[in-house]
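*Asks:* Okay, predicted coordinates and the sequence, questions at the end:
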Amino acid sequence: MKLFSIKYSNILSFLFILHFLSFLNLTFLNSGGFFSIGGIFAFLKGASRLIFILFGIYYLFFVKKYFYIAYKGPIFYLLVIFILAFASISYSADPFLTSLRIFEHFGIFIAIMALWISLEKDSAPTEIISMFLFSCILIVCSVWFAVLVNPIVAFRGLGELGFALGGEVLHSHTLGHLAVLASLIILARWRKFHEYHQLTFFNSTLLKYLLLILLFISIILTLSRSSLILLITGISYLVFFAKEERSSGMGIRRYFLASFLIVLFFSMSSYFVEIMLRGDLKSLLTLGSRSLIWSTLIENVTNEAPIFGYGYQMLSFNGSEFELVPGIYRGMAHNSFIQTLAGLGILGLLVLIAQTSVTFKHIFFPPIKVKMLNSAQNFKELIILSIVCIGASLTEFGLLGPTSPAIPMYMTIVVFASGVSKIPK
């Protein structure tokens with residue numbers, strides 16, 4: 001299918017990458033009015049997401065006329081969440097923000113669905129993962145470009161540990177998670193890049209090593225505990241559990257991974273302990289005060305709005321912020337499940353638990369239909385995406401929190417797990 005002699009799949013692919021780049025924060029540009037650099041950038045960020053969403057809606061409902069998606073398992077539960085979210089507009093303290101978040105999250109889901117449908121059935125998972133890889137590398141390179149141009153805006157102080165990479169360009173945890181995702185995808189495809197026509201420029205072994213080094217350095221400099229844990233978890237999966245690796249013997253990539261693990265644990269053990277502790281054991285046990293945020297939100301919701309919550313993406317009766325302790329306000333739960341509990345109450349949390357359980361069950365233990373539609377390599381790469389998404393959702397952005405890179409990640413996982421394929425003629 002083409003529009004002005006350009007394939008819809010190519011247009012949607014370009015819009016996906018453009019929308020992904022909009023997750024760069026660049027908060028140092030935020031000063032000034034609408035016609036300042038910051039104002040123009042903010043407009044372009046919103047416009048790139050809006051165009052991706054609207055074009056996805058147009059393709060899915062007016063070109064393909066794809067209306068029968070609700071019966072799919074994981075998608076059904078996701079739609080229930082969105083129905084609850086839509087109903088919560090009536091009691092949200094900020095109906096506009098609630099409506100905006102619903103539009104963004106549901107719209108990105110529709111756009112990912114449209115992108116998936118527009119691609120060839122056998123290559124859709126592979127090509128979308130390639131887009132994630134390309135987008136992640138572009139974002140990491142953007143941060144390093146900022147380091148070269150103005151290091152002050154590319155780092156933020158993190159107590160006695162020093163400065164964390166990301167700064168005002170991108171939140172350090174988000175940067176770390178994206179660098180982990182890119183690293184793991186490169187490792188998963190190490191000996192097969194020649195099979196991916198979208199990534200021919202990665203076929204050079206030297207370039208792949210240089211990219212890995214850049215990504216590993218980025219992960220370490222973010223000082224992100226969750227990123228380090230995700231990196232170790234993902235590498236451990238590739239070394240010990242990825243089916244292809246177990247059947248193909250100790251190839252160069254497996255030797256590389258095993259050597260990397262040994263280097264991490266023996267030559268840098270003290271550095272990792274320092275990052276994990278963040279100065280003292282209390283910081284580790286409280287996950288950087290996140291446990292205090294969670295306990296406060298749980299207590300607030302239990303006392304004030306236990307069943308239906310405060311409204312989608314709301315954290316209090318007053319709006320998207322809550323008072324952690326007198327005079328100190330927070331605008332994010334740092335956990336998708338606690339964020340959903342606050343926004344949609346116990347009812348929404350139960351639906352989200354059911355939805356994620358079905359989704360990840362279909363990824364890690366795929367039913368016959370899903371398995372028939374995809375290869376072992378597809379499942380390996382979607383498991384990598386799932387590992388990063390789950391990790392991000394438990395301590396940072398993710399699943400159904402403030403709009404972040406984890407939103408398109410999770411929507412891709414849901415579409416994959418639902419066994420969505422080409423529309424039968």
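*Replies:* Received it, and whenever you're ready, just let me know what you need.
*Asks:* Strands of the stretch 201-350 of the chain, start to end?
*Replies:* Ranges of strands within the stretch 201-350 of the chain are 322-325, 328-330, based on DSSP state E, counting those that start in this stretch.
*Asks:* Which elements pack onto the longest one?
*Replies:* What it means is strand 322-325. If contacts are counted by 3 or more C-beta pairs under 8 Å, 6 or more residues apart in numbering; DSSP states H and E, strand 322-325 sits against helix 290-304, strand 328-330. C-beta here means a position set from N, CA and C on the backbone, and glycine is covered the same way.
*Asks:* can you tell me which of those the model trusts least?
*Replies:* Sorting the helices and strands packed on strand 322-325 by mean pLDDT places strand 328-330 lowest, at a mean of 81.
*Asks:* Do you know the pLDDT at the closest residue in space to Ile57 that isn't next to it in sequence?
*Replies:* In this structure, Ile57 finds its nearest non-sequential neighbour in Ile110, 5.5 Å apart by C-beta to C-beta, 6 or more residues apart in numbering. Predicted confidence (pLDDT) at Ile110: the value is 93.
*Asks:* neighbours of Ile110, just the number please.
*Replies:* 22 (other C-beta atoms under 10 Å).
*Asks:* quick revisit: for the strands of the stretch 201-350 of the chain, which one ends up most surrounded?
*Replies:* strand 322-325 (a mean of 15; mean count of other C-beta atoms under 10 Å).
*Asks:* what would the helices and strands packed on strand 322-325 look like in TSV with distance to Leu221?
*Replies:* Formatted as TSV, those follow (distance: least, C-beta to C-beta, whole Å):
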stretch	distance to Leu221
helix 290-304	22
strand 328-330	26
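*Asks:* where does the residue lying closest to Tyr312 once chain neighbours are set aside land on pLDDT?
*Replies:* Counting by C-beta to C-beta, 6+ apart, Ala85 is the residue found nearest to Tyr312 once chain neighbours are left out, at 3.8 Å. pLDDT recorded at Ala85 is 95.
*Asks:* Could you report the neighbour count for Ala85?
*Replies:* 25.
*Asks:* How much space separates it from Ile235?
*Replies:* 36 Å (C-beta to C-beta, to the nearest Å).
*Asks:* Quick check: which helices or strands does the helix or strand containing Leu78 pack against?
*Replies:* Leu78 is part of helix 73-87, with elements assigned from DSSP states H and E. Packed against helix 73-87 by the contact rule (3+ C-beta pairs under 8 Å, 6+ apart) you find helix 95-118, helix 336-364, helix 406-417.
*Asks:* Of these, flag the one that's most buried.
*Replies:* Note that of these, helix 406-417 is the most buried (mean count of other C-beta under 10 Å), with a mean of 26.
*Asks:* mean confidence score for it?
*Replies:* 92.
*Asks:* outside of it, which residues touch it?
*Replies:* 16, 19-20, 73-75, 78, 104-105, 108-109, 112-113, 116, 125, 128, 132, 177, 181, 358-360, 362-363, 366, 370, 374, 378, 382, 385-386, 388-389, 392-393, 396-400 (C-beta atoms under 8 Å, 6 or more residues apart in numbering).
*Asks:* and Gln339, what does it touch?
*Replies:* Gln313, Leu315, Met332, Ala333, Leu400, Gly401 are the contacts of Gln339 under C-beta under 8 Å, 6+ apart.
*Asks:* worst-scoring helix or strand of this structure, pLDDT-wise?
*Replies:* Lowest on mean pLDDT, DSSP states H and E among the helices and strands of the chain sits helix 243-248, with a mean of 49.
*Asks:* Nearest spatial neighbour of the most centrally placed residue in the chain, chain-adjacent residues omitted?
*Replies:* Nearest residue to the geometric centre of the chain (C-alpha atoms, centre = their mean): Ala406, 1.8 Å. With C-beta to C-beta, 6+ apart as the criterion, Ala406 has its nearest non-adjacent residue at 3.9 Å, and that residue is Gly398.
*Asks:* from memory that neighbour sits against Pro405, does it?
*Replies:* No. If you go by C-beta atoms under 8 Å, Gly398 and Pro405 don't touch, sitting 9.2 Å apart.
*Asks:* on that earlier part again, out of the helices and strands packed on strand 322-325, deepest packed?
*Replies:* Comparing these by mean count of other C-beta under 10 Å gives helix 290-304 as most buried, with a mean of 16.
*Asks:* CA atoms only: put that one into PDB for me.
*Replies:* Listed next in PDB are the C-alpha coordinates belonging to helix 290-304 (Å, rounded to 0.1, in the frame of the first residue of the first chain):
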ATOM      1  CA  ARG A 290      11.300   5.100  46.300                       C
ATOM      2  CA  SER A 291       9.900   2.800  49.000                       C
ATOM      3  CA  LEU A 292       8.900   5.900  51.000                       C
ATOM      4  CA  ILE A 293       7.100   7.300  47.900                       C
ATOM      5  CA  TRP A 294       5.300   3.900  47.400                       C
ATOM      6  CA  SER A 295       4.200   3.500  51.000                       C
ATOM      7  CA  THR A 296       2.900   7.100  51.100                       C
ATOM      8  CA  LEU A 297       0.900   6.700  47.900                       C
ATOM      9  CA  ILE A 298      -0.500   3.300  49.000                       C
ATOM     10  CA  GLU A 299      -1.600   4.800  52.300                       C
ATOM     11  CA  ASN A 300      -3.100   7.900  50.600                       C
ATOM     12  CA  VAL A 301      -5.100   5.800  48.100                       C
ATOM     13  CA  THR A 302      -6.200   3.300  50.800                       C
ATOM     14  CA  ASN A 303      -7.600   6.100  52.900                       C
ATOM     15  CA  GLU A 304      -9.000   8.400  50.200                       C
END
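*Asks:* who's in contact with that helix?
*Replies:* 285-286, 309-310, 315-317, 322, 324, 330, 333-335, 338, 341-342, 345, 395.
*Asks:* how about low-confidence regions in the stretch 101-250 of the chain?
*Replies:* Residue ranges of the stretch 101-250 of the chain with pLDDT under 70: 121, 158-161, 191-204, 243-250.
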